[in-house]
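Visitor: Build me a structure from this.
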Amino acid sequence: MWSQRNFYVALLVLISATSALVILVITGITTSLDLSSHNLVLGLNTPSLVVFWKGLSILGSVAVLTGFTIASLGCLILLQDWIAFRLMAITMLGAVVIDNASKWLVGRPRPDEIYPNTMPTSYSFPSGHALYNFLFYFTLAIIIAHKLPRIWNIILWAFAILVVALIGASRVFLGVHYVTDVFGGYLIAAIWMIVILQLLKFPNADISRAAD
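Guide: As a prediction, the model looks like this:
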């Protein structure tokens, strides 16, 4: 586990960054950046890429991720790993509350729909795909990582980071989120993750081991 000092420093940095981003979004200061990046990425799309992004977006959807979470919790029950079970369950249940509360508080409208049947009805900030997938894949990596040798530990974290990054990118390339929505989702997820790891005193929460 992190020391108390490192925990509070990390928490302060993340809360400060998130608060600054929320203020910039609410006041419209990020609008120019969001619109320019929105138009830029949409201009890079091809029909094949759109299919690719749609597949990733489905992979990161609430329905699919709920199935993955239930399956993971089932495996942890079979393994009788109640500490990890509690970590996964509380993390993902808390994510639902945090995501919906954040969307309601910021109340940011979605971009205009570009591709048919891709636009959710919820508010835009933060990206739920970014938030939920960050928490699920990184929590799963934390639970599994300590059981693996160093090389597989590195591969596991690289895979988790890649999947989370691509799913977040898919929401921007499909035009259903602005880039700041995705960054906001990651920041809020990171805050919740370090808080829950600290509160539960999870014994394996040392991601630095991957770089040892």
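Visitor: What mean pLDDT does stretch 92-102 get?
Guide: Stretch 92-102 shows a mean pLDDT of 96.
Visitor: Output that stretch as PDB, nothing but the C-alphas.
Guide: Only the C-alpha atoms of stretch 92-102 are listed here, as PDB (Å, rounded to 0.1, in the frame of the first residue of the first chain):
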ATOM      1  CA  MET A  92     -18.200  -1.000  -9.400                       C
ATOM      2  CA  LEU A  93     -21.300  -0.200  -7.400                       C
ATOM      3  CA  GLY A  94     -19.700   3.100  -6.300                       C
ATOM      4  CA  ALA A  95     -18.900   3.800  -9.900                       C
ATOM      5  CA  VAL A  96     -22.600   3.800 -10.800                       C
ATOM      6  CA  VAL A  97     -23.400   6.300  -8.200                       C
ATOM      7  CA  ILE A  98     -20.500   8.500  -9.000                       C
ATOM      8  CA  ASP A  99     -21.100   8.500 -12.800                       C
ATOM      9  CA  ASN A 100     -24.700   9.400 -12.500                       C
ATOM     10  CA  ALA A 101     -24.200  12.000  -9.800                       C
ATOM     11  CA  SER A 102     -21.300  13.600 -11.900                       C
END
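Visitor: Got the phi and psi for residue 147?
Guide: According to degrees, to the nearest 10, the main-chain angles of residue 147 amount to phi -90, psi -10.
Visitor: Give the burial count for it, as a bare number.
Guide: 10 (other Cβ atoms under 10 Å). C-beta here means a position set from N, CA and C on the backbone, and glycine is covered the same way.
Visitor: got the contact list for it?
Guide: Counting by Cβ atoms under 8 Å, 6 or more residues apart in numbering, residue 147 makes contact with nothing.
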